[in-house]
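Undergrad: quick check, what structure comes out for this input:
(chains A and B)
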Amino acid sequence: MSSVITPPSVDPELFPRSFLRLLSVVPGAVRRLHAGVADGRRAVRGEGGRFLFRGHREYRPGDDIRRVDWRVEARLGRLEVRQFDAQKDVLTEVWLDGSASMAPCGGRGASARAAALACATGLGEGGKVRLGVLRGGAADPLVEASEPGHVRRVLEALSRDRPRTRADLASALPKLVRRVPRGARVMLVSDLLTRADPGVLRAFAGRALRGALLHLRVPEVHAPSPGSTIVAHDVESGAKRTVRLDSHAAARIAARAKAHADLWAHHAHMIGLLYMPFAPSVEPETLLRRLALEVP
Amino acid sequence: MILAVPVALIGLAALPFVWWLHRKLRTPPEIELPSLMFLQDEADASKLPRGRRIDAELLLALTATALLAFAAAGPEIVQREPRRVVRVAIDVRTARPDARGYAERVLAARAAIAAAMDEADRLDIVSVPDARDAVGARRPTAAALLGAAQAGEASVRIVISDDAPPAETGGVQWIAVGDPEVENQGIVSISVRPVNGEVSVFATVANHGPTEKRLALSFGHISPSGPVESLGPELSIPPEGMRSQIFALPQGIERLNVRLVGRQGDPHEDAMPQDDGVLLLRVALLTYLDPGLPAPLARRIHRALDAILGADGATRLTGGDAVRAELAFLRRGAPSAARGAWVLDLEPIGEGAPALEAGAGTDALGRDALSEDLSTASAGWIYAADAELVAEGEQVLLARRGARRLWPVLLRTGRRLRLAPDPLRGEPAAIDTPFWPLLIENLVEAAGGRGIGGGYRATGVLDRASTRPGRARMPLDAARITAAPPSVPGRSRPLRPLLIGAALACLALLWAAPRIRRRFTARPALGVPTSR
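TA: Next up, the predicted model:
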């Protein structure tokens, strides 16, 4: 039984002990999750696959039947299994929306944990990770990590960074394009509460990117509960607005939010990113499973 | 009523606070949101005109508070008021039929009683006639008034009489409405005794007035030579006092009229003329002996009776029916009716009487068995000729008088005295029998002192209380009516459980309203995993 000691510089509110325990088992969990998936299926994903083909060897009892190369058997008449080497140099780019709108309604913690899980998944698969933040129209890297033990750096960087000002994705995303190498896996964590045109994602087109757009959807914004009148306070602009949240208004707001999300999801899909919405209340285990299994 | 309950007052005073608290809680909460991007197209509610609509939650809160406040006051629905029955027995025959303003005073007393009653109370009035009018009394006895007042279920029992009763009886209030200004003088007792060949008339005159009165007694009779009127010596009667006088008359007067007159024989006038004259009628003294008695013994008995009764030469009778008569006894020296309905019951001689031959020398037999106290039920029998009743307070004593030799004789004849209803008051029994003069007038003093010795009957002697009209008035004790418990309990239904239940229902609705609204109001789907 391994004990988890929270580093002093890691914010325990963002990363509670239960989450840290989950992070400590991410490498093993990733391996177990991948073990249930045919290596071949994962290998064909992306350009070049995530595993490198090493060669054939003769089939031995106990080998996974799925690894049998049936074309060799058809051509040569003997059972040969394929052998792969795991790709060690996959770079995972995790970029976090650093605007002030990420903070309320539990958004900061959820986005920080999602970014941490994305980093831990990339490290658990044996690759490298770079964590950065999009803020004020710029894309500033926070930390780089190359092995699972560097997750602590990620946590410390996320603890230090506090959401503020605006993200200005319209300016930040084109700059991010220049930072991300071709073929890298990009994890973009944002609430997408911007009036920027989602078409700005087209800047990533043609760079053989893969990854996911982790859309933080706060229920208070995207699907408010019908009730009495509220005075809404915008944390970014400081503006206030009194809204009578009856059922019709709530439905209208939810429809607008859905249309907005659908638009971003469409553009993310166009550049090869998996659109993955999540709420602040989502279980980290659920998010980890989706990151490990669904994100290419 | 609710204003008298502090908790209820606090509850009512809390209504504005509930309203204020509700308004405070209903102020739109300020919520910090990541962005107003999706709210921009919604109308600004702060700029919308404030619509007037029913606030169900405020209504429920105010209703619950008000219901609890009313419940704290403990209201009740009175389905039937508690009712008291005030039973009033009115002495409709006053001692003075011509008493001034008696009816008005009775009506005033009734009005006072009615004023002390509640609206739901019931006044039950009974009039008590005097059943003894046949023997000269003009007032119902206290027992009759009490009996009439106590009959039936009543919370308060009141007797309205023209004079104060001798003593207050438990549970019954007496109101005397006599005229306090009235004055009266009258003959309150008279008796006749044979003394040395004459009859000695002993008369007592009472003065119910504030001043001394100087009166005389006039004795009139018819002699062979014509009417004879004798005026006795002057009596100076002090206020509220009595004087007695003995006057000797010759024997053999059949009809003696005794009157109360002025000092010089002038007519005397007062408020009650009925007690100013007494008529004495000589009656035959009858004795009765079993015809089966041996003649010597019968003679001895007759002699003994004559010696006792002073009625030499009385008529002898044989046979007859049982005789009943009321027992009278002395109460503090004054004749008074027997308590309850005690009467003498003398059974006919000869019915089951044992033989007298063996009677001699059995003097001690009955003496030992004789009860000393007639007030107890153990006094099963006594012997008429040996009876003398004396009352001290409430105790009636039986004493022997004279003629020791008579005792064993009567004992052996089996005569027996019993207590039974009084036929003279209307009870079913013959009163005009050959025995009654003997028994009532000679052996036992009759009720009201009307029986006297010496072979005379007296008519016109009233109760001493009756001769004292209107002197002592008794006011109505209205507090007793007010404090009396209801004889018919009221019926009411408490509303507190109902009000508390309604208040709890309101509070439950108030608590459940937001949840019901949320349950039946569709929340837009977020469309993302929300595991927590």
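
Undergrad: burial of residue 159, as a residue count?
TA: Let's take chain A. 19 (other C-beta atoms under 10 Å in any protein chain shown). Backbone N, C-alpha and C define where each C-beta goes, glycine included.

Undergrad: should've been chain B
TA: Using other C-beta under 10 Å, the number of residues around residue B:159 comes to 27.

Undergrad: where's it, which helix or strand?
TA: strand B:156-161 (DSSP states H and E).

Undergrad: what comes up buried for the helix or strand following that strand?
TA: As assigned by DSSP H and E, the chain's next helix or strand after strand B:156-161 is strand B:172-176. By 16 or more other C-beta atoms under 10 Å in any protein chain shown, the buried positions in strand B:172-176 come out as B:172, B:173, B:174, B:175, B:176.

Undergrad: what is the strand holding residue B:159 packed up against?
TA: If you count contacts as 3 or more C-beta pairs under 8 Å, 6 or more residues apart in numbering or on different chains; DSSP states H and E, strand B:156-161 packs onto strand B:85-91, helix B:102-116, helix B:142-150, strand B:172-176.

Undergrad: so which elements touch the next helix or strand after the last one?
TA: The one in question is strand B:172-176. Going down the chain from strand B:172-176, the next helix or strand is strand B:184-195, by DSSP H and E. If contacts are counted by 3+ C-beta pairs under 8 Å, 6+ apart, strand B:184-195 sits against strand B:198-208, strand B:213-223, strand B:255-261, strand B:277-282.

Undergrad: who wins for proximity to residue B:101 among those?
TA: Closest to residue B:101 of the helices and strands packed on strand B:184-195 is strand B:198-208 (C-beta to C-beta; 18.0 Å).

Undergrad: just confirm residue A:206 is within a strand.
TA: No - Residue A:206: not assigned to a strand; according to DSSP: H, G, I helix; E, B strand; the rest coil it is coil.

Undergrad: follow-up on the earlier one: out of the helices and strands packed on strand B:156-161, flag the one nearest residue B:12.
TA: helix B:102-116 (35.8 Å).

Undergrad: list the buried residues for the closest one?
TA: Buried residues in helix B:102-116 (16+ other C-beta under 10 Å): B:102, B:105, B:106, B:109, B:110, B:113, B:116.

Undergrad: which other residues reach the helix or strand immediately after that helix in the chain?
TA: Later in the chain than helix B:102-116, the nearest helix or strand by DSSP H and E is strand B:122-128. Contact with strand B:122-128 is made by B:83-92, B:110, B:113-114, B:117, B:140, B:144-145, B:148-149, B:151-152, B:154, as judged by C-beta atoms under 8 Å, 6 or more residues apart in numbering or on different chains.

Undergrad: sorry, back to before: can you list contacts of the strand holding residue B:159?
TA: For strand B:156-161, contacts defined as C-beta under 8 Å, 6+ apart pick out B:84-91, B:106, B:109-110, B:113, B:145-146, B:148-150, B:165, B:171-178, B:476, B:480-481, B:484.

Undergrad: per-residue pLDDT, residue A:224?
TA: Per-residue confidence at residue A:224 stands at 85 (pLDDT).

Undergrad: how close does it get to residue B:33?
TA: Distance, residue A:224 to residue B:33, using C-beta to C-beta, to the nearest Å: 9 Å.

Undergrad: what's the burial count for the residue nearest to residue B:518 when sequence neighbours are not counted?
TA: Distances taken as C-beta to C-beta, 6 or more residues apart in numbering or on different chains put residue A:225 closest to residue B:518, at 7.2 Å, once the chain neighbours are dropped. Residue A:225 has 13 neighbours, counted by other C-beta under 10 Å.

Undergrad: now for the longest helix along chain B, which elements pack on it?
TA: If each helix of chain B is counted by residues according to DSSP state H, the longest one is helix B:496-520. Other elements packing on helix B:496-520 under the criterion 3+ C-beta pairs under 8 Å, 6+ apart are helix B:56-72.

Undergrad: who does the helix or strand following the helix it packs on pair up with?
TA: Proceeding N to C from helix B:56-72, the next assigned helix or strand is strand B:76-80, under DSSP H and E. Paired strands of strand B:76-80, with direction, are strand B:491-494 (antiparallel) (DSSP bridges).

Undergrad: using CSV, write out every CA atom in the partner strand.
TA: What follows is strand B:491-494, C-alpha atoms only, in CSV (Å, rounded to 0.1, in the frame of the first residue of the first chain):
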residue,chain,number,x,y,z
ARG,B,491,-70.0,20.8,24.9
SER,B,492,-67.2,22.3,23.0
ARG,B,493,-64.7,21.1,20.4
PRO,B,494,-61.1,22.3,20.6
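
Undergrad: give me the contacts around it.
TA: The contact list for strand B:491-494 (C-beta under 8 Å, 6+ apart) reads B:74, B:75, B:76, B:77, B:78, B:79, B:80.

Undergrad: for the helix or strand containing residue A:117, what does the pLDDT average out to?
TA: Using DSSP H and E, residue A:117 maps to helix A:107-124. For helix A:107-124, the mean pLDDT works out to 90.

Undergrad: what comes up buried for the longest helix of chain B?
TA: Buried residues in helix B:496-520 (16+ other C-beta under 10 Å): B:499, B:502, B:503, B:506, B:507, B:509, B:510.

Undergrad: quick one, domains of the chain?
TA: You didn't say which chain, so I picked chain A. Here the domain assignment for chain A is A:37-45+A:55-85, A:89-293, based on automatic domain parsing.

Undergrad: chain B is the one I meant
TA: B:80-182+B:472-483, B:184-275, B:283-462.
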